[in-house]
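Visitor: Okay, predicted coordinates and the sequence, questions at the end:
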2 protein chains.
Amino acid sequence: MKLIATFISILYLSGNLFAQNPDSLIIKKIYDEALGSGQAYTNLEYLCKKIGPRLSGSQNANKAVDWTKKLMVEYGFDRVYLQEVMVPHWERGAKESAYILDGTTKIPVRIAALGGSIASPSQGLLAQVIEVKSFEELRSLGENVVKGKIVFYNRPFDNKLFDPFEAYRGAVDQRSQGAIEAAKLGALGVIVRSMTNIIDDNPHTGGMRYQDAVTKIPAAAISTKAAELLSQKLGMKKSPAIRLYFKQNCKTLPDAISYNVVGEIRGSVSPERIITVGGHLDSWDLAEGAHDDGTGITQSIEVLRMFKSLNLKPRNTIRAVMFMNEENGLRGGLKYAELAKQNQEKHMAAMESDHGGFSPRGFTIQESPTAMLQIAKWKHLFEPYKVTELLSGGGGADIGPLKTVVPEIVLIGLKPDSHRYFDIHHASSDVFENVNKRELELGAASMASLIYLIDKYGIE
Amino acid sequence: MKLIATFISILYLSGNLFAQNPDSLIIKKIYDEALGSGQAYTNLEYLCKKIGPRLSGSQNANKAVDWTKKLMVEYGFDRVYLQEVMVPHWERGAKESAYILDGTTKIPVRIAALGGSIASPSQGLLAQVIEVKSFEELRSLGENVVKGKIVFYNRPFDNKLFDPFEAYRGAVDQRSQGAIEAAKLGALGVIVRSMTNIIDDNPHTGGMRYQDAVTKIPAAAISTKAAELLSQKLGMKKSPAIRLYFKQNCKTLPDAISYNVVGEIRGSVSPERIITVGGHLDSWDLAEGAHDDGTGITQSIEVLRMFKSLNLKPRNTIRAVMFMNEENGLRGGLKYAELAKQNQEKHMAAMESDHGGFSPRGFTIQESPTAMLQIAKWKHLFEPYKVTELLSGGGGADIGPLKTVVPEIVLIGLKPDSHRYFDIHHASSDVFENVNKRELELGAASMASLIYLIDKYGIE
């Protein structure tokens, strides 16, 4: 990254000499349109408030498919269609209940079943609790200690890490694999500290996995506030005095039919060449999926709407894709890549917005130093909007599978300011009210501007 | 700014070669302390929730003086003291009421008296409405049209401007001078569209002025939602059919005694040389004054707390100053400058945080190209924290008067991301819940880091 940064800095100098070139004027028009006449915010309000949570396989997910399709037809995109895909269908069922049993005192705590988990026994699960911070610590305790207990994973985010996504990556193994590791040692269930930087009383759900030949045990997230309390209780008393009860009623149903929703503006020169821009349409069931990923959806549609509204005729075909099932299966992303291969599509680049609708700061470029250098040449065009960070990094979960079928594709992720993201991630607080209109619009404008440049100049 | 930017870019290259120098290690410790063990967020919660709104002259303002003094004493700062200052004392009184009278239908609308305004007549004011977008438009209508009416200033923010502060500066004359210009033409009262980027139903208050020899007339802010409605009604019908009623009960009392609160860590080498860091302790009465300016207050105290906690012994004296009365008089800032002159104090630099506790992006430096170049040399130290914007601009209202008595002082403002600021500015939504813990802490760490460098190397 150091060399890249050096290069960017040098290019920035030369870029300043041509601040008012035609590209900068077009990009100004794009930002003006987004900030002055943008529709992403109103669309997001509809998606959040009129449709709401939309987990794969749910009725709301179908509604979101229908609505985004209708919206793109109304905008007059050249082609709007669905890509059928079978998706997992997991349901939370009746709300969970849980309490700490301290002697005979029941202290209610807030939990949420992890996505994909089995239910607890119908009468709930009451057991002693073993608190650990890592799989190593768990294994060191061994089966004798763990068997018949509830394992409580309580390793917090490292808040000292500047990038909250790094803190997330450093903690999320507890959620994704915790049930497997605990079951191997005979645990009856798993409670995982919520994946968030803050202390509050919202449980944050998220995906978890089981493993063939390892017993499936129920797994739930507990709010960080309750996790702190439980840890404190466990530290104060010998553990037999403290037990935890939890009951959850989730189940996995047969896979359901669902869809990616695709809208296109046909290329005027090379319609067979495709630039994809997308987000994921599904969300967790606890909230409105505003930042995750209603913002990516409405920004992607806004990119195409602005191209039309500003009469920018792309040379290549630009596609907005609402991917289904990012949260618990990635089936939509896999299907999109499968169809791209099957139809021998020519994909130039794909961009995803799935890090929230916060103030945009730059882009990540996945494994492509030449594309990084090329985009760095355009950095001066983004200086007026403070969208200046270029980092090597993943483009996004949904577009990732494209790389395996079209190795030459350039994958790009929108990189917004990330400090608020995990406050609301996968929790009931991920609602429309926590999205700022300007930040959302600036993200859409940044995406549209980079796509405009890629369409005009190509990318390697 | 172009030359500066060039210089920064070049310096950035060389800076990268020495990423692990002692300064970068100290700065890492400061960020770690803020993010890992910071107390600004807890302190802000206390200021917002236990004290709350604290307009100059109010009982709550006194409570805030007592509490911040006590807090800094408890932190063990070397010297904590008050600077007495007489401040304006304006009170809103009973809540305002207002409605649009459309024929015989009353449509309630949300307004808030502007700070400093007189009350309406005790029975309220009912009159026809003249909507204008500017003073020019008002004057072109002339006294014949305006006399006996309520003037409705309805020029919105220009949302296309990237910097919301620029949009604010482009609209705020309506609020600050609107009553004067309307009264000159015989208007009975003034209603001003709230100063915000968004459409919502919160009136945003703020300061206004009268002028000697011009009749004082009552002035209120109206929510943007209500402003849109009123404008629509006025456009639909001949204006005699639409009237507006408003009643407000505010009054100006005699000036009250209040205080700046000052805490110091004494310099180990040159204690007579002073670096000031501050925010303003007063807030408007409608909200908790969280971003305006509880964040600046708690960040400034946090700067000194971290110096102590990390055992950083400053060479010069570092002062945290809680200025009183920024919102409607600036008496605290003027008093601070007056005392600096009177005591012949040696001030090196002053920094203010009064643009909200959002994700920090850089600093503004006021009228000092040499200081700009010097701070630019340190830019690489802030790269890991993405605090990289250096702009020529005002340091802050409270520290501004220092420049007149100590011309050689360097004035610096913390520059956070500004897109959310005017959503909540001077409105009931400026509450603790709208402050993000990490963003607040990163601001405090950024301020402390720059002060550490200025203290160590000096500044010209």
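Guide: Perfect, I can see it now. This is a predicted model, so every value here is computed, not measured.
Visitor: do you know how far A:D102 is from A:Y245?
Guide: From A:D102 across to A:Y245, the span is 11 Å (Cβ to Cβ, to the nearest Å). Just so you know, the C-beta spots here come from the backbone N, C-alpha and C atoms, and that holds for glycine as well.
Visitor: So between these two, which is more surrounded?
Guide: A:Y245 (19 against 16; other Cβ atoms under 10 Å in any protein chain shown).
Visitor: Doesn't the more buried one belong to a strand?
Guide: Yes - counting by DSSP: H, G, I helix; E, B strand; the rest coil, A:Y245 is found in a strand.
Visitor: Show the contacting residues for it.
Guide: Contact analysis of A:Y245 by Cβ atoms under 8 Å, 6 or more residues apart in numbering or on different chains lists A:97-99, A:101, A:106, A:124-126.
Visitor: sec struct for A:Y336, please.
Guide: Applying three-state DSSP: A:Y336 is helix.
Visitor: Which pLDDT does the model give it?
Guide: On pLDDT, A:Y336 comes in at 98.
Visitor: picking up where we left off before, could you identify which of the contacts of A:Y245 has the most neighbours?
Guide: Busiest of the contacts of A:Y245 [other Cβ under 10 Å] is A:A98, holding 25 neighbours.
Visitor: Could you say which helix or strand holds that residue?
Guide: strand A:97-102 (DSSP states H and E).
Visitor: elements contacting that strand?
Guide: Contacts defined by 3 or more Cβ pairs under 8 Å, 6 or more residues apart in numbering or on different chains; DSSP states H and E place strand A:97-102 against strand A:105-108, helix A:224-236, strand A:242-247.
Visitor: Serialize these to TSV and add fields for mean pLDDT and distance to B:I130.
Guide: Shown next, in TSV, are the helices and strands packed on strand A:97-102 (pLDDT from 0 to 100; distance: least, Cβ to Cβ, whole Å):
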stretch	mean pLDDT	distance to B:I130
strand A:105-108	97	59
helix A:224-236	95	54
strand A:242-247	97	65
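Visitor: And these: which comes nearest A:K341?
Guide: A:K341 lies closest to helix A:224-236 among the helices and strands packed on strand A:97-102, at 42.7 Å (Cβ to Cβ).
Visitor: Measure how that closest one sits relative to strand A:97-102, angle-wise.
Guide: 20 degrees (axes from the mean of the first three to the mean of the last three Cα atoms, to 10 degrees).
Visitor: Quick one: check helix A:224-236 for contact with chain B.
Guide: No - judged by Cβ under 8 Å from any Cβ of the partner chain, helix A:224-236 stays clear of chain B, getting no closer than 12.2 Å.
Visitor: So which residues make contact with that helix?
Guide: A:100, A:102, A:107, A:109-111, A:129, A:131, A:152, A:154, A:156, A:191, A:193-194, A:196, A:198-201, A:222, A:242, A:244.
Visitor: just how off-centre is that helix within its chain?
Guide: 29 Å (Cα atoms, centre = their mean, to the nearest Å).
Visitor: In contact with the residue nearest the centre of chain A, which residues?
Guide: The residue lying closest to the centre of chain A (Cα atoms, centre = their mean) is A:D354, at 4.7 Å. Counting by Cβ under 8 Å, 6+ apart, A:D354 makes contact with A:279-280, A:292-293, A:296, A:326, A:396-398, A:413.
Visitor: switch the cut-off to 7 Å
Guide: A:279-280, A:293, A:296, A:396-397 (Cβ atoms under 7 Å, 6 or more residues apart in numbering or on different chains).
Visitor: quick one, strands of the stretch 101-250 of chain A?
Guide: Taking DSSP state E, counting those that start in this stretch, the strands of the stretch 101-250 of chain A run over residues A:105-108, A:111-113, A:125-132, A:150-153, A:189-193, A:219-222, A:242-247.
Visitor: most packed of the ones you listed?
Guide: Mean neighbours per residue, mean count of other Cβ atoms under 10 Å in any protein chain shown, is largest over the strands of the stretch 101-250 of chain A for strand A:219-222, with a mean of 30.
Visitor: Given it, what are its sheet partners and their directions?
Guide: Strand A:219-222 has the following strand partners under DSSP bridges: strand A:111-113 (antiparallel), strand A:189-193 (parallel).
Visitor: With pLDDT and distance to B:P384 added, can I get the contacts of A:D354 in JSON lines?
Guide: Below are these laid out as JSON lines (pLDDT from 0 to 100; distance: Cβ to Cβ, whole Å):
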{"residue": "A:G279", "pLDDT": "98", "distance to B:P384": "29"}
{"residue": "A:H280", "pLDDT": "98", "distance to B:P384": "31"}
{"residue": "A:D293", "pLDDT": "98", "distance to B:P384": "28"}
{"residue": "A:G296", "pLDDT": "98", "distance to B:P384": "27"}
{"residue": "A:G396", "pLDDT": "97", "distance to B:P384": "24"}
{"residue": "A:A397", "pLDDT": "98", "distance to B:P384": "26"}
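Visitor: Out of the residues you listed, list just those in strands.
Guide: A:279-280 (DSSP state E).
Visitor: in a helix, that's where A:F358 is, yeah?
Guide: No - counting by three-state DSSP, A:F358 is not part of a helix but coil.
Visitor: Compute the distance between it and B:A290, please.
Guide: 19 Å.
Visitor: ok, now A:G296?
Guide: Distance from A:G296 to B:A290, by Cβ to Cβ: 29 Å.
Visitor: got any ranges where the stretch 101-250 of chain A has weak pLDDT?
Guide: Residues of the stretch 101-250 of chain A meeting the criterion pLDDT under 70: A:237-240.
Visitor: interface residues of it facing chain B?
Guide: A:159-160, A:162, A:197-198 (Cβ under 7 Å from any Cβ of the partner chain).
Visitor: Can you list the residue ranges for helices in the stretch 1-150 of chain A?
Guide: Taking DSSP state H, counting those that start in this stretch, the helices of the stretch 1-150 of chain A run over residues A:2-16, A:22-37, A:40-45, A:59-74, A:135-146.
Visitor: Comparing those helices, which comes out most buried?
Guide: Most buried among the helices of the stretch 1-150 of chain A, counting by mean count of other Cβ under 10 Å: helix A:40-45, with a mean of 21.
Visitor: Dump that helix to PDB, restricted to CA.
Guide: Extracted in PDB, the C-alpha atoms of helix A:40-45 (Å, rounded to 0.1, in the frame of the first residue of the first chain):
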ATOM      1  CA  ALA A  40     -32.600   7.100  -2.600                       C
ATOM      2  CA  TYR A  41     -33.700   8.400   0.700                       C
ATOM      3  CA  THR A  42     -37.400   8.300  -0.100                       C
ATOM      4  CA  ASN A  43     -37.000   4.800  -1.600                       C
ATOM      5  CA  LEU A  44     -35.100   3.700   1.500                       C
ATOM      6  CA  GLU A  45     -38.000   4.900   3.600                       C
END
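Visitor: Give me the helices and strands touching it, please.
Guide: Secondary-structure packing of helix A:40-45 (3 or more Cβ pairs under 7 Å, 6 or more residues apart in numbering or on different chains; DSSP states H and E): helix A:295-309, helix A:437-457.
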